[in-house]
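# This is a predicted model, with the sequence first.
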Protein chains: 2
Amino acid sequence: MQSAPADTARTTPADICAAPPRHPRPDGQDSYTISEVVAFTGLTAHTLRWYERIGLMPHVDRSHTGQRRYTNRDLDWLNFVTKLRLTGMPVADMVRYAELVRQGETTYAERRELLESTRRDVLARIAELHDTLGVLDRKIGFYSAEATAP
Amino acid sequence: MQSAPADTARTTPADICAAPPRHPRPDGQDSYTISEVVAFTGLTAHTLRWYERIGLMPHVDRSHTGQRRYTNRDLDWLNFVTKLRLTGMPVADMVRYAELVRQGETTYAERRELLESTRRDVLARIAELHDTLGVLDRKIGFYSAEATAP
DNA sequence: CGCTTGCCTGGAGTGCACTCGAAGGCCATA
DNA sequence: TATGGCCTTCGAGTGCACTCCAGGCAAGCG
């Protein structure tokens, strides 16, 4: 993400890449305060600053007074990170991915591998959850039967 | 689970309830040492003892020398608990469920509610993961395209 | 008999992912 | 000019789910 002419998510910005119409982003602007980002993402301001400290955010702009100004691109990234989070991916791995992004397009292959391995994990998790669903349904069925025919 | 004539999982033991053919349980026996349970469940001995301390296990038998002797029923329970764990249910909630089980059949309704709420959570998680899968696929597609057409 | 192995206990420690507090800066409005 | 509100950094604290340790007992083997 060294080259970044900051625009909306409509285009395909090489490094953040393919982002279709997302959550309703209020105005047609491209600069948000940290509290606005808190409102959009549900993350706390503390967490946003912490993400930046540990290298999980690819450098956030600052206002002339030094306050953070997030772009739509940053919001896309946070959106993606949030999705990865709930697959159970550890933060350290996401930092690794963020580093690859910072290193530019020479890391495309490695990024793709990382994403594909994550994809496999997600599929496995979904399968596990389906399995669990089966167990739950059986137990719920049992309790329902007990309720109607004691 | 105050009444429990300890048998295999073939029957439907009212409180642990509906357990179909599970993971291959080696012999036709009904008494396992902690290290055997470690081998079956993948949990550590530490974790098994800890589960017991916090009330997540419904009282494990002891040998005459005071060592734990797990039954098939205990293994079924651990199996179930492990499934609940990977839905993201906090341990405290599972302890709550274990308490309901200990209190006997007067808590059937409450148990069923708890399971149904868990079921909803699992469905929501599956949906989230499918969503994430979509994002991953789009990104992977992008990197694939870059690889073939630089 | 001594050694090894396996298990026991209570309590302390670890790693992760936040989460919060303290102390202070900038700025708009009253 | 002062008051409130939002911002900053650094560093410490929290909650969860384990994870490990020290010290000790009991059984089996050479």
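Looks like it arrived, so ask away.
# drop to CA atoms for contacts and neighbour counts, all remaining ones
Fine.
# tell me the phi and psi of the nearest residue to A:Arg68 once chain neighbours are set aside?
Excluding its sequence neighbours, the residue lying closest to A:Arg68 (C-alpha to C-alpha, 6 or more residues apart in numbering or on different chains) is A:Arg62, at 4.5 Å. Per-residue torsions, A:Arg62: phi -130, psi 150 (degrees, to the nearest 10).
# Hmm, A:Arg69 and A:Arg62 touching each other?
Yes. With contact defined as C-alpha atoms under 8 Å, A:Arg62 reaches A:Arg69; the gap is 5.3 Å.
# More neighbours: these two, which one.
A:Arg69 (17 against 13; other C-alpha atoms under 10 Å in any protein chain shown).
# dump the residue contacts of the more buried one.
Going by C-alpha atoms under 8 Å, 6 or more residues apart in numbering or on different chains, A:Arg69 touches A:Ser31, A:Tyr32, A:Thr33, A:Ile34, A:Val60, A:Asp61, A:Arg62, A:Ser63.
# burial of the residue nearest to A:Val91 when sequence neighbours are not counted, as a residue count?
Take A:Val91 and drop its neighbours on the chain: the residue closest to it by C-alpha to C-alpha, 6+ apart is A:Arg85, 7.3 Å away. Neighbour count for A:Arg85, taken as other C-alpha under 10 Å: 14.
# So A:Arg85 versus B:Thr148, what's the distance?
30 Å (C-alpha to C-alpha, to the nearest Å).
# picking that back up, the residue nearest to A:Val91 and A:Asn79: what is the separation?
Going from A:Arg85 to A:Asn79 by C-alpha to C-alpha gives 10 Å.
# quick one, helices of chain A?
For chain A, the helices defined by DSSP state H occupy A:34-41, A:45-53, A:72-85, A:91-102, A:108-148.
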